[in-house]
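Novice: just to be clear, the model below is a prediction. Sequence and coordinates:
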Amino acid sequence: MKKKRQYMSLMESKFYRTYFIVLTVALIAVAIGLLWLNGVVRDYETAQPVHAAEVVAQLFEAGDYESLYAFDTSAPELSGGDRAFYAQSMSEAAAGKAVAWREAFSSNPDEKRYTVTLDGDKFATFTLVPSGETTGHGNRLWRLGSVTTHVALQGTEEAGDPTAAPYRITVPSGWTVTVNGEALAEGDITAPAASIYPADFLPAGVTGPTMVEYGFFSDEGAPQISVVDAAGVQRDVSQDGEFAYSCAWPEDEAVKAQYSDAVLKLGERVAKYTVDDLARERIGIAPDSPAEAILKKFSNSWAPSHKSTSVLNPQVSEFYVLSEDCFTCHVSFDFVLTSRRQNDYTYPTSYTLCVVRRKGEGALYNIIFH
């Protein structure tokens with residue numbers, strides 16, 4: 001008589017009991033990890049300054065100039081301290097016009113700058129500054145810093161007072177501005193010469209471009225403006241709004257053409273480091289430089305999981321040669337992270353770079369994140 005074979009249940013097997021326990025623990029760990037990662041990404045996204053900018057922009061869109069008055073640095077000169085007059089006049093100036101806003105360049109990493117336009121004309125500038133508070137994961141939060149409106153309110157102009165002049169023009173220091181045939185003088189200056197870079201951004205002994213602002217009146221309608229640089233060369237004037245003009249510091253086009261590809265690759269290496277795809281030592285940083293200290297402190301564990309990176313729409317602008325061994329430039333591009341599931345995460349990225357020559361090679365001396 002044959003013996004009846006006995007079969008053991010899987011759960012009676014010590015091996016399978018252990019296997020299922022380990023598998024369950026692993027699945028729970030993965031789920032917790034995904035929740036944590038989603039929380040980190042969500043925390044980073046909610047801390048982005050664009051959300052605070054949207055709140056400020058809504059004040060312009062709603063015409064809430066009562067609230068904006070307290071932040072507007074130009075309000076005292078525009079309205080003579082009359083809050084009601086300011087709110088009414090600003091509302092009349094904006095009536096029936098389309099409000100739009102966009103981020104503008106700021107060389108200060110602790111300041112975000114935005115431009116507000118009415119029907120395409122520059123109307124105001126507002127800034128965001130760190131609020132002093134951070135999110136649960138340490139990302140800093142932003143608040144409204146200041147507002148500057150670029151309009152002239154009827155009845156507030158004071159002849160001979162440049163701070164009350166309705167027109168503004170910003171030019172490099174030492175350039176000559178002529179309006180309707182009359183050269184502007186030192187008494188027409190509304191903002192003294194100031195560097196376009198924050199203190200200590202450049203190496204010792206290197207001087208950066210400085211800009212000066214003039215205010216003026218025009219009794220002949222639209223002003224006829226002429227600007228000549230320190231070498232006597234006529235320069236193009238840009239109209240930034242109905243009452244605002246400017247001349248940019250000239251780029252060195254020859255050197256820019258020579259080094260544009262190199263600085264874009266430098267910017268891409270920095271971007272790869274920020275998502276932990278490249279070792280800091282491979283960026284090309286000048287030893288004992290501010291850039292080295294900044295990047296050492298940078299936390300590069302924020303990025304979502306990805307298998308590759310790419311760069312779209314690269315641009316190099318504001319390329320200024322400051323000495324034989326130093327130049328600065330602004331680099332911007334869309335930094336794309338592609339996941340293993342072929343999902344793309346696109347991050348608009350821009351840096352201001354200070355590059356120096358070390359042992360015959362270019363090296364990153366300083367950097368500003370925008």
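Specialist: Yep, it's here. Source: prediction; values computed, not measured.
Novice: end to end, how far does stretch 150-166 reach?
Specialist: Counting by C-alpha to C-alpha, to the nearest Å, you get 8 Å between the two ends of stretch 150-166.
Novice: hang on, I meant stretch 94-102
Specialist: Stretch 94-102: ends 17 Å apart by C-alpha to C-alpha.
Novice: in that stretch, what counts as buried?
Specialist: Residues of stretch 94-102 classed as buried: 94, 99, 101 (neighbour count, 16 or more other C-beta atoms under 10 Å). For every residue, glycine as well, the C-beta is placed using N, CA and C.
Novice: dump the residues you listed to JSON lines, plus secondary structure and pLDDT.
Specialist: Output for the buried residues of stretch 94-102, formatted as JSON lines (DSSP: H, G, I helix; E, B strand; the rest coil; pLDDT from 0 to 100):
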{"residue": "Ala94", "secondary structure": "helix", "pLDDT": "84"}
{"residue": "Val99", "secondary structure": "strand", "pLDDT": "89"}
{"residue": "Trp101", "secondary structure": "strand", "pLDDT": "88"}
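Novice: can you give me the strands in the stretch 201-350 of the chain?
Specialist: Using DSSP state E, counting those that start in this stretch, the strands found in the stretch 201-350 of the chain span residues 210-216, 225-228, 234-235, 238-239, 244-246, 308-323, 326-338, 344-358.
Novice: make CSV out of those and add distance to Tyr273 and mean pLDDT.
Specialist: Formatted as CSV, the strands of the stretch 201-350 of the chain follow (distance: least, C-beta to C-beta, whole Å; pLDDT from 0 to 100):
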stretch, distance to Tyr273, mean pLDDT
strand 210-216, 32, 90
strand 225-228, 41, 95
strand 234-235, 38, 94
strand 238-239, 35, 91
strand 244-246, 34, 91
strand 308-323, 11, 94
strand 326-338, 12, 94
strand 344-358, 12, 92
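Novice: include mean neighbour count and distance to His150 when you put those into a markdown table, please.
Specialist: Output for the strands of the stretch 201-350 of the chain, formatted as a markdown table (neighbours: other C-beta atoms under 10 Å; distance: least, C-beta to C-beta, whole Å):
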| stretch | mean neighbour count | distance to His150 |
| --- | --- | --- |
| strand 210-216 | 19 | 11 |
| strand 225-228 | 18 | 16 |
| strand 234-235 | 14 | 21 |
| strand 238-239 | 13 | 11 |
| strand 244-246 | 19 | 5 |
| strand 308-323 | 15 | 22 |
| strand 326-338 | 20 | 23 |
| strand 344-358 | 18 | 24 |
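Novice: ok, which of those comes nearest Leu278?
Specialist: Closest to Leu278 of the strands of the stretch 201-350 of the chain is strand 308-323 (C-beta to C-beta; 9.4 Å).
Novice: what angle separates that closest one from strand 344-358?
Specialist: Strand 308-323 and strand 344-358 are oriented at 30 degrees to each other (axes from the mean of the first three to the mean of the last three C-alpha atoms, to 10 degrees).
Novice: partner strands of strand 308-323, parallel or antiparallel?
Specialist: Using DSSP bridges, strand 308-323 pairs in its sheet with strand 326-338 (antiparallel).
Novice: the host helix or strand of Ala194 pairs with which strands?
Specialist: Using DSSP states H and E, Ala194 sits in strand 189-195. Using DSSP bridges, strand 189-195 pairs in its sheet with strand 210-216 (antiparallel).
Novice: what sits opposite the nearest residue to Ile294 once chain neighbours are set aside in the beta ladder?
Specialist: What sits nearest to Ile294 in space, not counting adjacent residues and going by C-beta to C-beta, 6 or more residues apart in numbering, is Ile367, at 6.0 Å. The partner list for Ile367 in beta bridges (DSSP bridges) reads Leu353.
Novice: contact partners for Ile367?
Specialist: Contacts for Ile367 (C-beta atoms under 8 Å, 6 or more residues apart in numbering) come out as 270, 290-291, 294-295, 351-354.
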